[in-house]
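**Student:** Please find the sequence and the predicted model below.
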Amino acid sequence: MTTDPDKGTAKSRYTQLEANRLPFLQRARDCATLTVPYLMPPEGMTAGKTLPTPYQSLGARGIRTLSAKLLLSLFPPNTPFFKYAIDDFLLQKLTGQDGMRGEVEKALSARERATVDEMESAQMRLAASIALQHLLVAGNFLLHVPPRGRVRGFRLDQFVVKRDASGNVLEIVVKELVSPTVLPQAIAEAVKAEAAKTKGAGSEDKSAELYTHIVREHDQWSVYQEAGGAKIDGTEGTYPIDRCPWLVLRLATQPGEDYGRSYVEEFLGDLDSLEGLSETLVEGSAAAARIVFLVKPNGVTQVKVVSKAKNGDVAVGNAEDVTVIQAQKQADLAVAQKQAQEIATRLAYAFLLNTAIQRSAERVTAEEIKYMAQELDDALGGMYALLSAELQLPVVLLFEDRMEKNRQVAELPKGFVKPTITTGMAAIGRGIDLRNLRAFTADIVQTLGPEIAFRYLQPTEYIKRAAAAYGIDTGGLVKPDAVIAQEEQLAKLEALIQNLGPQALQAAGGMGKEVVKGAIQQQGDNGQAAPPG
């Protein structure tokens, strides 16, 4: 246990940086109140208190839908979201021969799958799902990728951060509440002494404040942990500048700000208006549905008869003596209902809900819905750009380093390959290329006609480009050019035999026999490769 009173403690540094975080934290709590309150609870929230419940569920539904779309786009299941790009010069230098790219790419593909499997075992997908929900609501989240074990996450009210003018992280302080029993004995005694000093003798905290301080120093990161005002021995360490396991995530950035902005904040006005209108409609409908009977005080009908009469009973009285109170607020509630529907429609577009793209009409084509859905997905491009740089790529590098240190994969030569993200913005780019390819070929066929168009277009090249846009491996799926040429020769030979008879095969000589022999062998290979029916 060591202390450094001249430099100050991590706790004091956390307190200093809290003031800059306050407006962002309050804004995040306002956004959570109207969407998913438990993502960012109010200040002072404890287990014995109840979270506020919104009157509308559109905000929560939008967060669930949008976070799921982002998760599936950034971390698609059962497939790597990155690919290793090989440096051709280094490949030639290391292998010393040509034609090795295929073998190297095969080995790197196995490494990609192993990295994704390691992420799954560390529950990276679960942590990413929680992180995306927090980014949409609060705009900030902290991920920790340890050398072993599960990936952890921290809310905005659990950490502070300091950035430079370019947005690079300079300092992070994390605050956790842990049981004193998990701390070293000397630190636990220091925590107990600090509690006695601040809360009086005899007091004992059930949880201790554990601070983790990460600071950027020149070309590396330094880290240590502290509790009870004392540094914990054995927690000091350093990280390479590009391998810091503490990832401070943002959804939207503004120059000069240490913290990010959330997606919900952009539509907070509509959410607040919808919340007020929903509250009015719920309470107004409840008041309008209330039934109260009034009986004339000097009428012949008795109050007791009206109050005790059951459905179908015969009672003595005058119908004019009994009236029912009506709120007469149907017109007012109709105005509120119409306005609420308009706001809900705008928010449905904002949160990319599929119900927003289907217009109210008798005939809505599937192509129209598909086009609008694609437009909604393209709107995520801005989010993908930042998340690719601050989430996906650092996660790949950290898990690579983690597996190399644990001897799960071999260490690659420095500069030999670099991971490139293939989802998010890259996927949108491939989708745009595919749409342009379809539009171009359709325009050519429509303008020149199919017969003339296919004299200039190559179907095999179209298949290759479409498969690349979809990210599909065509190995074993699309016939090679050699097989197609052989099948064309066989078809011509069969047509010749059909027209001229069997003697045409003899006239064709050795070429015809070789074609037939190759075709029979090819069909036999295909039959062996095909699975049993």
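**Tutor:** On my side now, so go ahead.
**Student:** buried residues in the helix or strand harbouring residue 349?
**Tutor:** Element membership of residue 349 [criterion: DSSP states H and E] is helix 330-350. Neighbour counts over helix 330-350 (16 or more other Cβ atoms under 10 Å) mark 333, 336, 340, 343-344, 347-350 as buried. For the C-beta atoms, the positions are set from N, CA and C on the backbone; glycine is no exception.
**Student:** next one: stretch 36-53
**Tutor:** 36-37, 39-41.
**Student:** cool, stretch 262-273 as well?
**Tutor:** Buried residues in stretch 262-273, counted by 16+ other Cβ under 10 Å: 262-265, 267-268, 270-271, 273.
**Student:** contact partners of that stretch?
**Tutor:** Residues outside stretch 262-273 that contact it (Cβ atoms under 8 Å, 6 or more residues apart in numbering): 27-28, 30-31, 34-35, 58-59, 63, 66, 135-140, 251-252, 339, 343, 346-347, 350, 383.
**Student:** Would you mind checking these for buried ones?
**Tutor:** Buried among the contacts of stretch 262-273 (16+ other Cβ under 10 Å): 27-28, 30-31, 34-35, 58-59, 63, 66, 135-140, 251-252, 343, 347, 350, 383.
**Student:** Just the ones of those residues in helices?
**Tutor:** The helices, defined by DSSP state H, take in 27-28, 30-31, 34, 58-59, 63, 66, 135-137, 343, 347, 350, 383 from the buried ones among the contacts of stretch 262-273.
**Student:** and residue 169, what does it touch?
**Tutor:** Going by Cβ under 8 Å, 6+ apart, residue 169 touches 161-163, 216, 244, 248.
**Student:** Find the nearest non-adjacent residue to residue 478, please.
**Tutor:** The shortest distance from residue 478 to any non-neighbouring residue, by Cβ to Cβ, 6 or more residues apart in numbering, is to residue 463 (5.7 Å).
**Student:** can you tell me the helix or strand for the one you found?
**Tutor:** Element membership of residue 463, judged by DSSP H and E, is helix 459-470.
**Student:** Which neighbouring elements make contact with that helix?
**Tutor:** Applying 3 or more Cβ pairs under 8 Å, 6 or more residues apart in numbering; DSSP states H and E, one finds that helix 459-470 contacts helix 425-448.
**Student:** okay, the angle between the helix it packs on and helix 459-470?
**Tutor:** Relative orientation of helix 425-448 and helix 459-470, computed by axes from the mean of the first three to the mean of the last three Cα atoms, to 10 degrees: 150 degrees.
**Student:** For residue 449, state which of the contacts of residue 169 is nearest.
**Tutor:** residue 248 (58.3 Å; Cβ to Cβ).
**Student:** for the closest one, phi and psi?
**Tutor:** Dihedral pair for residue 248: phi -90, psi 110, per degrees, to the nearest 10.
**Student:** partners of it in the sheet?
**Tutor:** Residues in a beta bridge with residue 248, per DSSP bridges, are residue 142.
**Student:** now the end-to-end length of stretch 280-297.
**Tutor:** 34 Å (Cα to Cα, to the nearest Å).
**Student:** can you pull out the helices in the stretch 151-300 of the chain?
**Tutor:** Ranges of helices within the stretch 151-300 of the chain are 185-199, 268-289, based on DSSP state H, counting those that start in this stretch.
**Student:** Where among those helices is average confidence lowest?
**Tutor:** Among those, helix 185-199 has the lowest mean pLDDT, at a mean of 74.
**Student:** nearest to residue 212, of the helices of the stretch 151-300 of the chain?
**Tutor:** Of all those, helix 185-199 sits nearest to residue 212, with 13.7 Å by Cβ to Cβ.
**Student:** Wait, residue 235 touches residue 214, no?
**Tutor:** No. Using Cβ atoms under 8 Å, residue 235 makes no contact with residue 214, being 11.4 Å away.
**Student:** OK, contacts around the residue of the chain positioned farthest from its centre?
**Tutor:** Farthest-out residue of the chain from its mean C-alpha position, per Cα atoms, centre = their mean: residue 300, at 70.4 Å. Contacts for residue 300 (Cβ under 8 Å, 6+ apart) come out as 317-318, 321.
**Student:** can you pick the most crowded of the residues you listed?
**Tutor:** residue 321 (17 neighbours; other Cβ atoms under 10 Å).
**Student:** What residue spans form the domains of the protein?
**Tutor:** 10-265+382-421, 266-364, 424-464, 479-528 (automatic domain parsing).
**Student:** which one of those domains is the most hemmed in?
**Tutor:** Highest mean neighbour count among those (mean count of other Cβ atoms under 10 Å): domain 10-265+382-421, with a mean of 17.
**Student:** From one end of that one to the other, what's the distance?
**Tutor:** End-to-end distance for domain 10-265+382-421: 36 Å, by Cα to Cα.
**Student:** cool, stretch 248-259 as well?
**Tutor:** Taking Cα to Cα, stretch 248-259 runs 9 Å from one end to the other.
**Student:** can you list the weak-confidence ranges in the stretch 201-350 of the chain?
**Tutor:** For the stretch 201-350 of the chain, the stretches with pLDDT under 70 are 201-206.
**Student:** ok, the buried residues of stretch 262-273 vs residue 396, which is closest?
**Tutor:** Ranked by distance to residue 396 (Cβ to Cβ), those are led by residue 263 at 24.3 Å.
**Student:** Any figure for the gap between residue 318 and residue 74?
**Tutor:** Per Cβ to Cβ, to the nearest Å, residue 318 is found 73 Å from residue 74.
**Student:** quick one on the thing from earlier: just the contacts of residue 169 now: which is nearest residue 393?
**Tutor:** Of the contacts of residue 169, the one sitting nearest to residue 393 (Cβ to Cβ) turns out to be residue 244, at 12.8 Å.
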